[in-house]
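[1] Predicted structure and sequence below. I'll ask about it afterward.
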Amino acid sequence: MAAILIGNWWALALRGIAAILFALICFFAPWATAAVLILLFGAYAFVDGVLALIAARREARQYGGSGALLIEGILNLLVAVVIFVWPAAAIIALVYLIAIWAIVSGVAMIAAGLALIRLVGELLLIVAGALSILLGIVLFLHPGVGVIALSWWLGIYALLFGMMMLSAAFRIRHRSI
């Protein structure tokens, strides 16, 4: 494995460059990034729905029942249609889903923190839960900001990943010479 990496250090460098370019797109075109991601999910939902319907048909032929797979396939196709017809609404719906998750998990963390505070005086779970609830509220009030923030976080990851890949590539190249 190491010999392959040493001989192909340039492939790591290309991966790093691609990640950095993707990061720049995330930073400078966050709505486009979110739109592409949601459209890719729509494509996945479409393919998954078609495959579920094929499986439902085969199950119906062999065993006479296909209700769950049929419902799953239809639901996936409906999700795909909604995403392709209204991609901006789908992006905002995703932000609202994250907001709901943040609020529910925040309430759960506060409940756990209150139970722990009585036992060991732990306060950090309560603070973390409050931050999670605050995030959910902000996302509900400003979903567009949530879309931009998600794109930027993805960009931060891609930038750091790309920098690490480039650094590794050039360190490997330097050491192999």
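    Thanks, I have the structure now. Quick caveat, the model's predicted, so the values are computed rather than measured. Residues are numbered from 1 along each chain as shown.

[2] How many neighbouring residues does the closest residue to Leu21 other than its chain neighbours have?
    Nearest residue to Leu21, sequence neighbours excluded (Cβ to Cβ, 6 or more residues apart in numbering): Gly162, at 7.9 Å. Yep, even glycine has a C-beta here, placed from its N, CA and C like the rest. Residue neighbour count, defined by other Cβ atoms under 10 Å, stands at 21 for Gly162.

[3] helices and strands around the helix or strand containing Gly162, which ones?
    Assigned by DSSP states H and E, Gly162 belongs to helix 143-176. In terms of contacts (3 or more Cβ pairs under 8 Å, 6 or more residues apart in numbering; DSSP states H and E), helix 143-176 is packed against helix 2-7, helix 9-28, helix 30-63, helix 87-120, helix 124-141.

[4] run the last query once more with 7 Å
    helix 2-7, helix 9-28, helix 30-63, helix 87-120 (3 or more Cβ pairs under 7 Å, 6 or more residues apart in numbering; DSSP states H and E).

[5] Can you lay out those as TSV showing mean pLDDT, mean neighbour count and distance to Ala169?
    As requested, the helices and strands packed on helix 143-176 are exported to TSV (pLDDT from 0 to 100; neighbours: other Cβ atoms under 10 Å; distance: least, Cβ to Cβ, whole Å):
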stretch	mean pLDDT	mean neighbour count	distance to Ala169
helix 2-7	70	10	9
helix 9-28	92	17	4
helix 30-63	89	16	25
helix 87-120	88	16	34
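
[6] want to throw the ones you listed into a markdown table with distance to Ile156?
    Output for the helices and strands packed on helix 143-176, formatted as a markdown table (distance: least, Cβ to Cβ, whole Å):
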| stretch | distance to Ile156 |
| --- | --- |
| helix 2-7 | 26 |
| helix 9-28 | 7 |
| helix 30-63 | 12 |
| helix 87-120 | 17 |
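
[7] between those helices, which gets nearest to Leu69?
    helix 30-63 (3.6 Å; Cβ to Cβ).

[8] Give me the next element, helix or strand, following the closest one.
    helix 67-85.

[9] What residues sit buried inside that next one?
    69-70, 72-73, 76-77, 79-80, 83 (16 or more other Cβ atoms under 10 Å).

[10] Now distance to Ala13 and pLDDT too, for the residues you listed, in TSV please.
    Below are the buried residues of helix 67-85 laid out as TSV (distance: Cβ to Cβ, whole Å; pLDDT from 0 to 100):
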residue	distance to Ala13	pLDDT
Leu69	45	84
Leu70	49	90
Glu72	43	92
Gly73	43	92
Asn76	39	93
Leu77	41	96
Val79	39	93
Ala80	37	95
Ile83	35	93
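
[11] if we can go back for a sec, what average pLDDT does the helix holding Gly162 get?
    Helix 143-176 comes out with an average pLDDT of 89.
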